[in-house]
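Chemist: make a model of this:
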Amino acid sequence: MTTKKLISFILIVFCIFLLFSCTKENPLFEKQTEEGTFIYSIKVLNAEDLIYKTESGLENIEVSISINDSVYTDTTNAEGFVTFFNVPQTYIPVSVKNKAYTGAEILVNLNLDSAFQNKGIVYVSTKIALLPLKSEKPAKISGKILADLNLTNSELETYSNPINISANIPANSLKNFVEQQGFGKIEEIFYSNSSFFTKSNSSGEYSFEIPAIPNGLDIIISGDDFRSNQTGADGKITEKVFENKPDTIKIYPNITKIHDIIYK
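Modeler: The predicted model follows:
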(Lines give C-alpha, C1' and ligand atoms only; values in the text may rest on other atoms or scores of the structure.)
Protein backbone atom coordinates (compact mmCIF):
# COMPACT_ATOMS: atom_id res chain seq x y z
CA MET A 1 0.00 0.00 0.00
CA THR A 2 1.46 3.39 -1.00
CA THR A 3 1.97 6.12 1.58
CA LYS A 4 -0.80 8.20 0.00
CA LYS A 5 -3.30 5.32 0.15
CA LEU A 6 -2.29 4.51 3.74
CA ILE A 7 -2.93 8.12 4.83
CA SER A 8 -6.34 8.07 3.08
CA PHE A 9 -7.25 4.80 4.82
CA ILE A 10 -6.26 6.18 8.24
CA LEU A 11 -8.35 9.32 7.64
CA ILE A 12 -11.40 7.25 6.71
CA VAL A 13 -11.07 5.08 9.84
CA PHE A 14 -10.62 8.18 12.01
CA CYS A 15 -13.74 9.82 10.52
CA ILE A 16 -15.79 6.66 11.19
CA PHE A 17 -14.52 6.60 14.78
CA LEU A 18 -15.55 10.24 15.26
CA LEU A 19 -18.96 9.56 13.78
CA PHE A 20 -19.73 6.72 16.18
CA SER A 21 -18.14 8.39 19.22
CA CYS A 22 -20.29 11.50 18.67
CA THR A 23 -23.53 9.63 17.93
CA LYS A 24 -26.14 10.39 20.57
CA GLU A 25 -27.48 7.42 22.49
CA ASN A 26 -31.08 6.46 21.78
CA PRO A 27 -33.22 8.64 24.08
CA LEU A 28 -35.39 5.71 25.18
CA PHE A 29 -32.34 4.16 26.85
CA GLU A 30 -30.97 7.37 28.37
CA LYS A 31 -31.55 7.67 32.08
CA GLN A 32 -31.54 11.48 31.87
CA THR A 33 -35.30 11.72 31.59
CA GLU A 34 -36.97 14.80 30.14
CA GLU A 35 -40.03 16.39 31.73
CA GLY A 36 -43.29 15.50 30.05
CA THR A 37 -42.19 11.93 29.36
CA PHE A 38 -42.73 8.55 30.99
CA ILE A 39 -40.31 6.15 32.61
CA TYR A 40 -41.98 2.96 31.45
CA SER A 41 -41.16 -0.48 32.87
CA ILE A 42 -42.41 -3.89 31.79
CA LYS A 43 -42.09 -6.80 34.20
CA VAL A 44 -42.44 -10.36 32.92
CA LEU A 45 -43.49 -13.15 35.31
CA ASN A 46 -44.07 -16.88 35.08
CA ALA A 47 -47.83 -17.55 34.95
CA GLU A 48 -47.35 -20.97 36.58
CA ASP A 49 -46.43 -19.21 39.85
CA LEU A 50 -49.15 -16.56 39.92
CA ILE A 51 -51.19 -18.02 42.76
CA TYR A 52 -48.18 -17.67 45.05
CA LYS A 53 -48.01 -13.91 44.33
CA THR A 54 -44.45 -14.38 43.18
CA GLU A 55 -42.45 -11.35 42.14
CA SER A 56 -39.62 -13.41 40.66
CA GLY A 57 -39.29 -12.40 37.03
CA LEU A 58 -38.33 -14.18 33.84
CA GLU A 59 -34.89 -13.32 32.49
CA ASN A 60 -33.88 -12.85 28.84
CA ILE A 61 -37.41 -12.22 27.55
CA GLU A 62 -37.37 -9.94 24.51
CA VAL A 63 -39.52 -6.84 24.91
CA SER A 64 -40.14 -4.36 22.09
CA ILE A 65 -42.13 -1.14 22.04
CA SER A 66 -43.11 0.86 18.96
CA ILE A 67 -43.08 4.65 18.91
CA ASN A 68 -43.47 6.85 15.84
CA ASP A 69 -42.66 4.05 13.40
CA SER A 70 -39.52 3.11 15.34
CA VAL A 71 -39.08 -0.12 17.32
CA TYR A 72 -37.00 -0.24 20.51
CA THR A 73 -35.99 -3.65 21.86
CA ASP A 74 -34.36 -4.84 25.07
CA THR A 75 -34.32 -8.04 27.14
CA THR A 76 -35.46 -8.50 30.71
CA ASN A 77 -32.91 -8.56 33.50
CA ALA A 78 -32.61 -11.12 36.30
CA GLU A 79 -35.64 -9.58 38.04
CA GLY A 80 -37.73 -9.73 34.88
CA PHE A 81 -37.64 -5.97 34.21
CA VAL A 82 -37.13 -3.87 31.08
CA THR A 83 -37.21 -0.09 31.46
CA PHE A 84 -37.55 2.56 28.76
CA PHE A 85 -36.93 6.26 29.42
CA ASN A 86 -38.29 9.38 27.69
CA VAL A 87 -41.40 7.57 26.47
CA PRO A 88 -43.86 10.11 24.99
CA GLN A 89 -47.54 10.46 25.80
CA THR A 90 -49.04 8.19 23.15
CA TYR A 91 -50.33 4.68 22.43
CA ILE A 92 -47.58 2.09 22.93
CA PRO A 93 -47.70 -1.29 21.16
CA VAL A 94 -45.71 -3.72 23.31
CA SER A 95 -44.42 -7.08 22.10
CA VAL A 96 -43.17 -9.71 24.58
CA LYS A 97 -41.67 -12.91 23.22
CA ASN A 98 -39.38 -15.82 23.89
CA LYS A 99 -39.39 -19.13 22.04
CA ALA A 100 -39.87 -21.05 25.30
CA TYR A 101 -43.03 -19.15 26.35
CA THR A 102 -46.36 -17.94 25.08
CA GLY A 103 -45.79 -14.58 23.44
CA ALA A 104 -47.97 -11.51 23.89
CA GLU A 105 -48.89 -8.34 22.03
CA ILE A 106 -50.33 -5.49 24.12
CA LEU A 107 -51.60 -2.02 23.23
CA VAL A 108 -51.06 0.34 26.17
CA ASN A 109 -52.76 3.74 26.20
CA LEU A 110 -50.50 6.39 27.76
CA ASN A 111 -52.36 9.17 25.98
CA LEU A 112 -54.77 10.02 28.80
CA ASP A 113 -55.30 13.71 29.57
CA SER A 114 -54.38 13.47 33.26
CA ALA A 115 -50.90 12.09 32.64
CA PHE A 116 -48.72 15.04 33.62
CA GLN A 117 -50.91 17.11 35.90
CA ASN A 118 -48.57 18.52 38.57
CA LYS A 119 -45.89 15.99 37.60
CA GLY A 120 -42.88 16.46 35.40
CA ILE A 121 -42.08 12.77 34.99
CA VAL A 122 -44.53 9.89 35.41
CA TYR A 123 -43.53 6.35 36.32
CA VAL A 124 -45.73 3.63 34.80
CA SER A 125 -45.41 -0.11 34.47
CA THR A 126 -47.06 -3.12 32.90
CA LYS A 127 -46.90 -6.57 34.43
CA ILE A 128 -47.42 -9.57 32.20
CA ALA A 129 -47.16 -13.27 32.92
CA LEU A 130 -46.23 -15.87 30.31
CA LEU A 131 -46.86 -19.60 30.28
CA PRO A 132 -43.94 -21.90 29.45
CA LEU A 133 -44.61 -23.97 26.36
CA LYS A 134 -42.77 -26.91 27.94
CA SER A 135 -43.70 -27.20 31.59
CA GLU A 136 -42.01 -29.21 34.34
CA LYS A 137 -45.41 -29.62 36.03
CA PRO A 138 -47.93 -29.81 33.18
CA ALA A 139 -51.57 -30.74 33.34
CA LYS A 140 -52.22 -34.08 31.67
CA ILE A 141 -55.35 -34.55 29.58
CA SER A 142 -56.41 -37.86 28.08
CA GLY A 143 -59.52 -39.53 26.81
CA LYS A 144 -61.24 -41.36 23.98
CA ILE A 145 -62.90 -40.36 20.73
CA LEU A 146 -66.51 -41.55 21.01
CA ALA A 147 -69.35 -41.46 18.47
CA ASP A 148 -72.72 -43.12 17.96
CA LEU A 149 -71.60 -45.31 15.08
CA ASN A 150 -74.30 -47.91 15.69
CA LEU A 151 -77.87 -46.81 16.39
CA THR A 152 -79.01 -50.37 17.10
CA ASN A 153 -77.69 -50.05 20.65
CA SER A 154 -77.58 -47.32 23.28
CA GLU A 155 -73.80 -47.20 23.65
CA LEU A 156 -71.22 -44.96 22.05
CA GLU A 157 -68.45 -46.58 20.03
CA THR A 158 -64.76 -45.73 19.95
CA TYR A 159 -63.64 -44.18 16.68
CA SER A 160 -60.29 -45.75 15.80
CA ASN A 161 -59.10 -43.72 12.80
CA PRO A 162 -56.64 -40.95 13.81
CA ILE A 163 -58.03 -37.41 13.95
CA ASN A 164 -56.49 -34.09 14.95
CA ILE A 165 -57.26 -32.76 18.44
CA SER A 166 -56.59 -29.18 19.56
CA ALA A 167 -56.52 -27.48 22.94
CA ASN A 168 -56.68 -23.68 22.95
CA ILE A 169 -56.17 -21.30 25.82
CA PRO A 170 -58.84 -18.61 25.22
CA ALA A 171 -58.00 -14.94 25.51
CA ASN A 172 -60.26 -14.46 28.53
CA SER A 173 -58.20 -17.05 30.43
CA LEU A 174 -55.00 -15.10 29.80
CA LYS A 175 -56.14 -11.49 30.13
CA ASN A 176 -55.85 -11.69 33.91
CA PHE A 177 -52.13 -12.28 33.41
CA VAL A 178 -51.72 -8.59 32.44
CA GLU A 179 -51.87 -5.66 34.86
CA GLN A 180 -51.27 -1.95 34.36
CA GLN A 181 -49.81 -0.07 37.33
CA GLY A 182 -49.29 3.61 38.06
CA PHE A 183 -50.95 5.09 35.01
CA GLY A 184 -52.32 4.19 31.62
CA LYS A 185 -54.82 1.72 30.28
CA ILE A 186 -54.48 -1.59 28.48
CA GLU A 187 -56.60 -1.40 25.33
CA GLU A 188 -55.87 -4.75 23.66
CA ILE A 189 -54.20 -8.06 24.52
CA PHE A 190 -53.26 -10.89 22.19
CA TYR A 191 -51.40 -14.03 23.24
CA SER A 192 -49.58 -16.13 20.65
CA ASN A 193 -48.48 -19.78 20.89
CA SER A 194 -51.51 -20.56 23.05
CA SER A 195 -52.71 -23.56 21.04
CA PHE A 196 -51.59 -27.17 21.47
CA PHE A 197 -52.15 -30.10 19.12
CA THR A 198 -52.12 -33.88 19.18
CA LYS A 199 -53.63 -36.78 17.22
CA SER A 200 -55.70 -39.72 18.41
CA ASN A 201 -54.21 -43.19 17.93
CA SER A 202 -55.59 -46.38 16.36
CA SER A 203 -57.24 -47.25 19.68
CA GLY A 204 -59.24 -44.03 19.61
CA GLU A 205 -57.28 -42.51 22.48
CA TYR A 206 -55.53 -39.15 22.75
CA SER A 207 -53.40 -37.33 25.32
CA PHE A 208 -51.92 -33.88 25.94
CA GLU A 209 -49.45 -32.27 28.30
CA ILE A 210 -50.28 -28.58 28.68
CA PRO A 211 -48.92 -25.90 31.04
CA ALA A 212 -51.38 -24.74 33.69
CA ILE A 213 -51.61 -22.48 36.72
CA PRO A 214 -52.17 -23.59 40.34
CA ASN A 215 -55.64 -22.08 40.66
CA GLY A 216 -56.79 -23.66 37.39
CA LEU A 217 -56.69 -22.69 33.74
CA ASP A 218 -59.64 -22.90 31.35
CA ILE A 219 -58.92 -24.42 27.96
CA ILE A 220 -61.13 -25.22 24.97
CA ILE A 221 -60.68 -28.71 23.55
CA SER A 222 -62.06 -29.94 20.24
CA GLY A 223 -61.44 -32.40 17.42
CA ASP A 224 -61.70 -32.26 13.64
CA ASP A 225 -64.90 -33.43 11.98
CA PHE A 226 -64.73 -36.85 10.35
CA ARG A 227 -66.75 -38.88 7.88
CA SER A 228 -67.68 -42.46 8.76
CA ASN A 229 -70.30 -45.13 8.24
CA GLN A 230 -73.19 -45.29 10.71
CA THR A 231 -75.47 -48.25 11.24
CA GLY A 232 -79.05 -47.02 11.51
CA ALA A 233 -81.72 -48.37 13.86
CA ASP A 234 -83.07 -50.36 10.92
CA GLY A 235 -79.66 -51.92 10.30
CA LYS A 236 -78.94 -49.96 7.14
CA ILE A 237 -75.46 -48.41 6.78
CA THR A 238 -75.12 -44.83 5.63
CA GLU A 239 -72.21 -42.41 5.49
CA LYS A 240 -72.33 -39.44 7.85
CA VAL A 241 -70.19 -36.47 8.85
CA PHE A 242 -69.63 -36.53 12.62
CA GLU A 243 -69.07 -33.24 14.46
CA ASN A 244 -68.12 -32.42 17.99
CA LYS A 245 -68.99 -29.34 20.02
CA PRO A 246 -65.90 -27.76 21.64
CA ASP A 247 -65.79 -28.21 25.42
CA THR A 248 -64.30 -25.88 28.01
CA ILE A 249 -62.48 -27.70 30.79
CA LYS A 250 -60.31 -26.57 33.70
CA ILE A 251 -56.84 -28.03 34.14
CA TYR A 252 -54.33 -27.98 37.01
CA PRO A 253 -50.57 -28.63 37.20
CA ASN A 254 -49.52 -32.25 37.80
CA ILE A 255 -53.14 -33.47 37.69
CA THR A 256 -54.54 -35.76 35.01
CA LYS A 257 -57.90 -34.77 33.55
CA ILE A 258 -59.93 -37.50 31.82
CA HIS A 259 -62.07 -36.02 29.08
CA ASP A 260 -63.75 -38.03 26.33
CA ILE A 261 -64.54 -36.17 23.09
CA ILE A 262 -68.11 -36.96 22.02
CA TYR A 263 -69.17 -36.76 18.37
CA LYS A 264 -72.72 -36.49 17.06
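
Chemist: quick check: K97 touching T73?
Modeler: No. With contact defined as Cβ atoms under 8 Å, K97 does not reach T73; the gap is 10.1 Å. C-beta: built from backbone N, CA, C; applies to glycine.

Chemist: now the common contact residues for the two.
Modeler: Common contacts of K97 and T73 (Cβ atoms under 8 Å, 6 or more residues apart in numbering): E62.

Chemist: more crowded one of these two?
Modeler: When K97 and T73 are compared for neighbours, K97 comes out ahead with 16 against 10, by other Cβ atoms under 10 Å.

Chemist: list the beta-bridge partners for that one.
Modeler: E62 (DSSP bridges).

Chemist: and it, how close does it get to A104?
Modeler: Here the criterion is Cβ to Cβ, to the nearest Å. By it, K97 lies 8 Å from A104.

Chemist: strands of the stretch 1-150 of the chain, start to end?
Modeler: All strands of the stretch 1-150 of the chain, identified by DSSP state E, counting those that start in this stretch, fall at 37-46, 62-67, 70-75, 81-87, 91-97, 103-109, 121-130, 139-147.

Chemist: tabulate these (CSV), appending distance to D224 and mean pLDDT.
Modeler: Compiled in CSV, these are given as follows (distance: least, Cβ to Cβ, whole Å; pLDDT from 0 to 100):
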stretch, distance to D224, mean pLDDT
strand 37-46, 32, 90
strand 62-67, 34, 94
strand 70-75, 38, 94
strand 81-87, 40, 92
strand 91-97, 29, 94
strand 103-109, 26, 92
strand 121-130, 29, 86
strand 139-147, 10, 96
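
Chemist: so which of the ones you listed is the most packed in?
Modeler: strand 37-46 (a mean of 22; mean count of other Cβ atoms under 10 Å).

Chemist: pLDDT weak spots in the stretch 101-250 of the chain?
Modeler: Along the stretch 101-250 of the chain, the parts satisfying pLDDT under 70 run over 113-121.

Chemist: hmm, K127 is touching N46, no?
Modeler: No. Using Cβ under 8 Å as the test, K127 is too far from N46 to be in contact (11.8 Å).

Chemist: between the two, which contacts overlap?
Modeler: With Cβ under 8 Å, 6+ apart as the test, K127 and N46 reach no residue in common.

Chemist: before we move on, the earlier item: quick check: neighbours shared by K97 and A104?
Modeler: With Cβ under 8 Å, 6+ apart, K97 and A104 have common neighbours S192.

Chemist: okay, A78 and N161: tell me how far apart.
Modeler: 50 Å.

Chemist: next: Q89.
Modeler: Taking Cβ to Cβ, one finds Q89 at 58 Å from N161.

Chemist: which one's more surrounded, those two?
Modeler: Q89 (17 against 12).

Chemist: pretty sure that one sits against V124.
Modeler: No. Between Q89 and V124 there is no contact under Cβ under 8 Å: 10.6 Å.

Chemist: what touches both of these two?
Modeler: The contact lists of Q89 and V124 share F38, L110, where a contact means Cβ under 8 Å, 6+ apart.

Chemist: what lies in contact with stretch 250-257?
Modeler: Outside of stretch 250-257, the residues within contact range by Cβ under 8 Å, 6+ apart are 48, 135, 137-142, 210-214, 216-219, 249.

Chemist: if I look at V63, how far off is V94?
Modeler: 7 Å.

Chemist: so what sits against both of these two?
Modeler: Contacts common to V63 and V94, judged by Cβ under 8 Å, 6+ apart, are I42.

Chemist: all helices of the protein, in order?
Modeler: For the chain, the helices defined by DSSP state H occupy 3-22, 171-174.

Chemist: worst mean pLDDT among the ones you listed?
Modeler: For the helices of the chain, the weakest mean pLDDT is recorded on helix 3-22, namely a mean of 38.

Chemist: so who does S194 touch?
Modeler: T102, L131, N168, I169, L174.

Chemist: farthest-separated two in those?
Modeler: L131 and N168 (12.6 Å; Cβ to Cβ).
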